[in-house]
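I would like the atomic coordinates for the input below:
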Amino acid sequence: MKVPIRISEKVATAHTAISAAGLSGYMKGFDPGGSAQKYRDAAADVWPVRESYLSLLTDLRSETISPLEGAKRRDELQQRLATIYKTTPQTTPRAYQQENSISGALLSILTRMDSFIEDRGGKNVDR
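Here you go, the predicted structure:
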């Protein structure tokens, strides 16, 4: 005895097949390992710039370098950061909020550096 296939079963089967095909297509372009590696690479590139900023602050405070030289080095560091940021993958708003504290620390360093340069007669760059 042949059991008739109902229309609802055909619709459900078609829906499942289309969903599976869509999910497969989406996952084909999704590479979480590659994306994570890009973030790790960006973090590794930003770390030396951060350390250079801290060294620059120390040099300015100890007056080892002139304010004009400090401004020049700061501009070079900003250019390096801009280059790194251009190659960094975009982030989600949620991830951005989680990492905002790191950006706040970097902004604090930049602000302190600007005030050191201004106090010593150097010119400040508008942000």
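
got the contact list for the residue most central in space within the chain?
Central residue of the chain (C-alpha atoms, centre = their mean): residue 88, 5.6 Å from the mean position. Contacts for residue 88 were tallied using C-beta atoms under 8 Å, 6 or more residues apart in numbering; they are 38, 39, 42. In short, each C-beta sits where N, CA and C put it, glycine included.

if you set the cut-off to 7 Å instead, what comes out?
Contact partners of residue 88, counting by C-beta atoms under 7 Å, 6 or more residues apart in numbering, are residue 42.

Check residue 117 too.
Taking C-beta under 7 Å, 6+ apart, we find residue 117 in contact with 60, 67, 70, 71, 124.

These into TSV, with extra columns for pLDDT, distance to residue 118 and secondary structure?
Listed next are those as TSV, based on pLDDT from 0 to 100; distance: C-beta to C-beta, whole Å; DSSP: H, G, I helix; E, B strand; the rest coil:
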residue	pLDDT	distance to residue 118	secondary structure
60	90	11	helix
67	91	8	helix
70	92	10	helix
71	93	10	helix
124	52	5	coil
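
Among those, name the buried ones.
Applying 16 or more other C-beta atoms under 10 Å to those, the neighbour count classes 60, 67, 70, 71 as buried.

before we move on, back to that, ok, now how distant is the residue nearest to the centre of the chain from residue 81?
Distance, residue 88 to residue 81, by C-beta to C-beta, to the nearest Å: 10 Å.

repeat for residue 37
Applying C-beta to C-beta, the value for residue 37 to residue 81 is 20 Å.

okay, these two: which has more neighbours?
Taking neighbours as other C-beta atoms under 10 Å, residue 37 and residue 81 compare with residue 81 leading, 17 against 12.

can you give me the helices in the protein?
7-28, 32-61, 67-87, 93-119 (DSSP state H).

tilt between the second one and helix 67-87?
Between helix 32-61 and helix 67-87, the angle comes out at 170 degrees (axes from the mean of the first three to the mean of the last three C-alpha atoms, to 10 degrees).
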